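>>> No letters, just coordinates:
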RNA sequence: GCGCCUGUAGCUCAGGGGAUAGAGCAACUGUCUUCUAAACAGUAGGCCACAGGUUCGAAUCCUGUCAGGCGCACCA
């Protein structure tokens, strides 16, 4: 059990003596550390104020379990019970962090995720369209959530759902046809580099999408193409297969670069038919209704809005496809929970789809959860691949790498290594920038202000790690080597405030990981790491480690250094960020 | 018009009933002959959108107002 658990248990035991019901109170870290490491508001919640707090505290002081870990238990303020943890025990906790394979709390607080089979759908770019920074955001959020769930003991399947049929494909193919007639033939295009082919398709889509809105004749042609694409008509087959293949091949290079490996892929083509069948079946049972030639789900009945599931041409819309996706996913992997990560612009849409799913398949409906992240916007407003007003994911990653490389210009590192490190640092800057705030927040993207290499940033954390590693390398202390706790025997007063500050933050790592997983909030990990790094850097700046006055102090400082490095590395992993040994 | 989300320092955001509201960036001052200065120490900057309520206690919960974003029928 962790410290928080021990304290709660001890308080619960004592409460009976006062006839106060347990469970309602909180044990948390007071903001002001002068108040101790943990603080309980039992007395306040019970309405007893200081008097009750004093009585409870007296009993707590006699508790055997607490006696081992607590150096001080006292009442303060309106009736808070503040508890300080013994320095020895904090050191023990730091040593624990260095143990092989320690990744976090593994649900020491909540048993929720151990053994759970969770499917997480994220990224979801569409073939024939650009991979823009919105997809990048989805990938970064999704991957981080997966890693958090994994360290909490869940069995995670990463999946990607991609739209390989639908109007956007028709628009792109219409554009491809125009461009191929005019500028280039398919064969010579096939020989071009992947990024060039990708660019070609982006242009083709923009052309088609614009024509669809501005040119009535083009609109009709695109609608005909749309139907042909569903049927894989010879007129579109070759272009379709080439274009789809190029897109998927291109996306794969981005996943690889980012460090995501999907376990499975789903496509709209395959789930569209499943969805269509379901809608038809449940139309008869009254879940869906016919309206103006289309089949709709009457969301108004459930406080939502009505959406079209099958259009009047008899084609499944995105709604029906998503309906078909659920059982298709479950057929391949019997999940306990299905999480779908998307941008929040389709929050309302998903409420309707999940409501419909609950009607036709309550079991899967209950297991399905939509988690949304904010939208990435440009300073000029919303991105649009139709007008070409977008920032691609690849551009951002390249730009960040170039910036990192520039900063490293003077470092004494081989050019080859610099390339590798610059990529890792650039990604850290981008990923951290997107994960350090709550995932629900919209992000106005502006390279200069959004992607930072100093202060509260990914590179700052990497730098902290590299710096610590450098010290450890010189000391010949392997980061996993345990220090002998009994060698220390420090009392609180012996430690410098900077040392204590690090020690009093390190042990919280497990709690933070638990919380972050339970709340699906990677930003909690980011915030924790930044605070840890600040404390460590402050300590590092003030206290000599290798040249410490005596051996005992030196080994304590090395322990702090090793534990910080280890925690930063593991924490960054949870954000999908690598930790270079030097930079 | 209806629904969902958001208003905290000049900017970007933490904090989401508890003890003096925090950080980064930007501005200004200092610190590299000493373990990596992508760092550290410091100064300055706030009617937590506004108005009511609930509570021992509200930036946090409720109601209303204002402002912004997103969504609302055959796109995804």
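Great, that's in hand. Computed from a predicted model, the values in this text were never measured in an experiment. Residues are numbered from 1 along each chain as shown, chains lettered A, B, ... in the order given.

>>> Could you give the secondary structure assignment for the residue in the stretch 401-550 of chain A that RNA strand B sits nearest to?
Proximity of the stretch 401-550 of chain A to RNA strand B (C-beta to the nearest atom of the strand) peaks at residue A:455, 2.0 Å away. C-beta here means a position set from N, CA and C on the backbone, and glycine is covered the same way. For residue A:455, the assignment made with DSSP: H, G, I helix; E, B strand; the rest coil gives coil.

>>> what bits of chain A have low per-residue confidence?
A:1, A:20-23, A:100-111, A:182-183, A:476-489, A:492 (pLDDT under 70).

>>> Can you show me the strands along it?
A:27-28, A:38-40, A:70-76, A:80-85, A:117-121, A:155-162, A:264-267, A:289-291, A:294-297, A:307-310, A:337-343, A:368-373, A:376-377, A:443-444 (DSSP state E).

>>> Throw those into JSON lines and include mean neighbour count, thanks.
Shown next, in JSON lines, are the strands of chain A (neighbours: other C-beta atoms under 10 Å):
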{"stretch": "strand A:27-28", "mean neighbour count": "16"}
{"stretch": "strand A:38-40", "mean neighbour count": "23"}
{"stretch": "strand A:70-76", "mean neighbour count": "18"}
{"stretch": "strand A:80-85", "mean neighbour count": "22"}
{"stretch": "strand A:117-121", "mean neighbour count": "23"}
{"stretch": "strand A:155-162", "mean neighbour count": "21"}
{"stretch": "strand A:264-267", "mean neighbour count": "17"}
{"stretch": "strand A:289-291", "mean neighbour count": "12"}
{"stretch": "strand A:294-297", "mean neighbour count": "22"}
{"stretch": "strand A:307-310", "mean neighbour count": "22"}
{"stretch": "strand A:337-343", "mean neighbour count": "21"}
{"stretch": "strand A:368-373", "mean neighbour count": "20"}
{"stretch": "strand A:376-377", "mean neighbour count": "20"}
{"stretch": "strand A:443-444", "mean neighbour count": "16"}
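
>>> doesn't residue A:573 make contact with residue A:143?
No - between residue A:143 and residue A:573 there is no contact under C-beta atoms under 8 Å: 10.6 Å.

>>> Which of the two has more residues huddled nearby?
Counted by other C-beta atoms under 10 Å, residue A:143 and residue A:573 do not tie: residue A:143 has more neighbours, with 26 against 17.

>>> Rebuild the strands of chain A as CSV, extending it with distance to RNA strand B.
Listed next are the strands of chain A as CSV, based on distance: least, C-beta to the nearest atom of the strand, whole Å:
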stretch, distance to RNA strand B
strand A:27-28, 8
strand A:38-40, 3
strand A:70-76, 4
strand A:80-85, 3
strand A:117-121, 13
strand A:155-162, 8
strand A:264-267, 10
strand A:289-291, 4
strand A:294-297, 3
strand A:307-310, 4
strand A:337-343, 8
strand A:368-373, 9
strand A:376-377, 7
strand A:443-444, 5
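
>>> need these in a markdown table with distance to residue A:4, can you?
Listed next are those as a markdown table, based on distance: least, C-beta to C-beta, whole Å:
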| stretch | distance to residue A:4 |
| --- | --- |
| strand A:27-28 | 5 |
| strand A:38-40 | 7 |
| strand A:70-76 | 13 |
| strand A:80-85 | 10 |
| strand A:117-121 | 25 |
| strand A:155-162 | 26 |
| strand A:264-267 | 38 |
| strand A:289-291 | 52 |
| strand A:294-297 | 45 |
| strand A:307-310 | 45 |
| strand A:337-343 | 26 |
| strand A:368-373 | 26 |
| strand A:376-377 | 36 |
| strand A:443-444 | 33 |
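
>>> now for those, which one comes closest to residue A:490?
Residue A:490 lies closest, by C-beta to C-beta, to one member of these: strand A:70-76, at 11.7 Å.

>>> how far out from the middle of the chain is the closest one?
Relative to its chain's centre, strand A:70-76 lies at 37 Å (C-alpha atoms, centre = their mean, to the nearest Å).

>>> got a list of contacts for that strand?
With contact meaning C-beta atoms under 8 Å, 6 or more residues apart in numbering, strand A:70-76 is reached by A:35-36, A:43, A:50, A:53-54, A:57, A:60-61, A:66, A:81-87, A:492.

>>> make it 7 Å
A:35-36, A:50, A:53-54, A:57, A:60-61, A:81-86, A:492 (C-beta atoms under 7 Å, 6 or more residues apart in numbering).

>>> Likewise for stretch A:226-239?
Outside stretch A:226-239, the residues that touch it by C-beta under 7 Å, 6+ apart are A:165, A:167, A:169, A:170, A:173, A:176, A:177, A:225, A:240, A:313, A:315.

>>> At which residues are the helices of the stretch 1-150 of chain A located?
Along the stretch 1-150 of chain A, counting by DSSP state H, counting those that start in this stretch, helices occupy A:3-15, A:42-45, A:49-61, A:64-69, A:87-97, A:133-151.

>>> So which of these is the most surrounded?
Of the helices of the stretch 1-150 of chain A, the one with the most neighbours on average (mean count of other C-beta atoms under 10 Å) is helix A:133-151, at a mean of 25.

>>> How is chain A divided into domains?
A:3-85, A:119-377, A:393-574 (automatic domain parsing).

>>> what's the closest of those to residue A:384?
domain A:119-377 (8.6 Å).

>>> The residue in the stretch 251-400 of chain A positioned nearest to RNA strand B - how many residues pack around it?
At 2.3 Å from RNA strand B, residue A:311 is the closest residue in the stretch 251-400 of chain A, using C-beta to the nearest atom of the strand. Residues near residue A:311, counting by other C-beta under 10 Å, number 15.

>>> again, but for residue A:437
15.

>>> Give me the subset of the contacts of stretch A:226-239 that also touch RNA strand B.
When contact is defined as C-beta under 7 Å from any atom of the strand, the contacts of stretch A:226-239 meet RNA strand B at A:167, A:313, A:315.

>>> Only the buried subset of those, as a ChimeraX command please.
Remark: buried members of those, expressed as a ChimeraX selection using 16 or more other C-beta atoms under 10 Å:
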select /A:167,315
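
>>> quick check, nearest of the ones next to RNA strand B among the contacts of stretch A:226-239 to residue A:416?
When those are compared for distance to residue A:416 (C-beta to C-beta), residue A:167 wins out at 46.5 Å.

>>> hang on, the earlier thing: residues contacting the residue of the stretch 251-400 of chain A closest to RNA strand B?
Contacts of residue A:311 by C-beta under 7 Å, 6+ apart are A:294, A:317.

>>> contacts for stretch A:205-219?
Contacts for stretch A:205-219 (C-beta under 7 Å, 6+ apart): A:128-129, A:168, A:171-172, A:174-175, A:178-179, A:222, A:385-388.

>>> doesn't residue A:396 make contact with residue A:430?
Yes - taking C-beta atoms under 7 Å as the definition, residue A:430 is a contact partner of residue A:396 at 6.0 Å.

>>> okay, the two: which has more neighbours?
residue A:430 (26 against 23).
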